[in-house]
Each structure stands twice: as C-alpha cells, then as structure tokens.
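Q: 3D model of this:
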Amino acid sequence: MRSNPPRSRLVSARALLSLLLAFSPGCDAFFGPGGGGDDDDDSGFSTPTSVPAGLECHPDYDTPEPGNNGLPECVTQEISCGDVIKGTIEGGSTVFSNESGMAWEWCSGHSTGSQLAGPERVYRLNVDAGSTYVTPRLKSCEPLQLLWYQTNQACPTERVLCSYITVDGSRDQTDDILLAGNGTIWFVVEGIDGTSGNFELTVECGGT
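A: Okay, the predicted model is just below:
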C-alpha cells in the first residue's frame, strides 16, 4: 500500500506551482501606441487539431458581402448579444494583414510574413445596456485568428489597440473581454496564410 506524502512536501509542491503560474507568460497580447494592458483572462486558450462537432465545412456558409446594407466597407454584419453567426472567410475584406501600412501591422507592431494575409470578416457587436464584459467563442474548420478592438472606427484608418486570444490561430477559442466605455466592440475573424473556410461565432454578454 502506498503511503501519503508528508505535508511539508505537499506545501512545497504547491508553492512551486504558484510561482510557475505567476511568472508564466499569458497566451494573448495587447498592442498599440501609448501602452495599455491585458483586457482578458486567457481562460479559453486552446489549439485543437480537429474540427469542432456540429460545424459543417462544405459547402461554404451563406455570408453577406462586406459593406452591404449601408455598413462600412469592411463590415460583414452587425450582431447582437446572444447571436450565433455561421459564415465563411471566403469573400471577406483584407483590411487586417501583415502588409506594411495595414491595420494588423498597427496592432502587432511588425509587417513581416504572410500569416495574417486575409481575408477576414469584421462584425460590429451592439452591446446590451448594463453589460460589462462579452464572451466570444470562435469555432472554425481551419485555424483562424480572432481579434477585437474597441473604438468608434469601423475600418481603421489610423492606429488602433487590438487584442487576440491565440498567437497562431485555433479551431476553437474563447475568452472573457472587459468592455470599454463606448459600448461598441468590433470582432475580426481573420484567415491565416490566406486560408478560408467556415466558422461559427457566438457572443454572449454579461454584467458584473
């Protein structure tokens, strides 16, 4: 029969684990001029290699064209708290990319490589009154990047603060995001290395 480890050994192990967690880097990033800080808790970092259950990969989901219905040129759709959006990256805009002078360069701070060479789908979330945070979940057939920004600019023409969950995309990612004071948040579903494919975006809102 195995004996239980001494209490002192358990305490030492827990202390070591606490130190490792305290000094481990987070899985997201928050970039932009003038500093800023982490606006989420990294709760949903994941990199599954299989397509999430219930997501159809062929044919492409029927998806509005960017700029339709009086929306700004890069915006695919306005969404509300609780909506479930099924769409495809194919046919999206290309505002957010690694190219020099493009919006992703402003967010990431570099313009090398082709990782985020679009296309993308941009969604405006109209936040419910009283909500202080939102929880997006992106499920996709291909690894995609989910990023967001909270400004009055629909399609940025100057530097913006952006944040994202994973460094190099995922097929299933989620997080809790604290809301800024303007009540508007923009979500970008970004193709990696030019990939397309179907996705499902769900956004829930909550109070304190």
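Q: element containing residue 148?
A: When elements are assigned from DSSP states H and E, residue 148 belongs to strand 133-149.
Q: could you name the helices and strands sitting against that strand?
A: Applying 3 or more CB pairs under 8 Å, 6 or more residues apart in numbering; DSSP states H and E, one finds that strand 133-149 contacts strand 162-164, strand 170-174, strand 177-178, strand 184-191, strand 198-206. Placement of C-beta: from N, CA and C, glycine included.
Q: after the helix or strand bottoming out on mean pLDDT in the chain comes which helix or strand?
A: Lowest mean confidence among the helices and strands of the chain (mean pLDDT, DSSP states H and E): strand 29-31, at a mean of 28. Sequence-wise, the next helix or strand downstream of strand 29-31 (DSSP H and E) is strand 75-80.
Q: helices and strands around the helix or strand following that following strand, which ones?
A: Using DSSP H and E, the helix or strand that follows strand 75-80 in sequence is strand 84-88. For strand 84-88, the packing partners by 3+ CB pairs under 8 Å, 6+ apart come out as strand 75-80, strand 198-206.
Q: what's the most buried one of those strands?
A: Burial of the helices and strands packed on strand 84-88 is given as mean neighbour count (mean count of other CB atoms under 10 Å); strand 198-206 ranks first at a mean of 20.
Q: okay, that strand in CSV with CA atoms only?
A: These are the backbone C-alpha positions of strand 198-206, laid out as CSV (Å, rounded to 0.1, in the frame of the first residue of the first chain):
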residue,chain,number,x,y,z
ASN,A,198,-16.4,28.1,-42.5
PHE,A,199,-16.7,29.3,-38.9
GLU,A,200,-19.2,29.8,-36.1
LEU,A,201,-19.0,32.9,-33.9
THR,A,202,-21.1,33.2,-30.8
VAL,A,203,-21.0,36.2,-28.5
GLU,A,204,-22.6,36.3,-25.0
CYS,A,205,-22.8,39.5,-22.9
GLY,A,206,-22.9,39.8,-19.1
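Q: so that strand versus strand 84-88, what angle?
A: Angle of strand 198-206 versus strand 84-88, following axes from the mean of the first three to the mean of the last three CA atoms, to 10 degrees, is 150 degrees.
Q: contact partners of strand 198-206?
A: Strand 198-206 has contacts (CB atoms under 8 Å, 6 or more residues apart in numbering) with 52, 54-57, 60-61, 79, 81-89, 121, 123, 125, 127-128, 131-141, 144, 146, 187, 189.
Q: run the last query once more with 6 Å
A: Applying CB atoms under 6 Å, 6 or more residues apart in numbering, the contact partners of strand 198-206 are 55, 57, 61, 81, 84-86, 88, 125, 127-128, 131, 133-141, 189.
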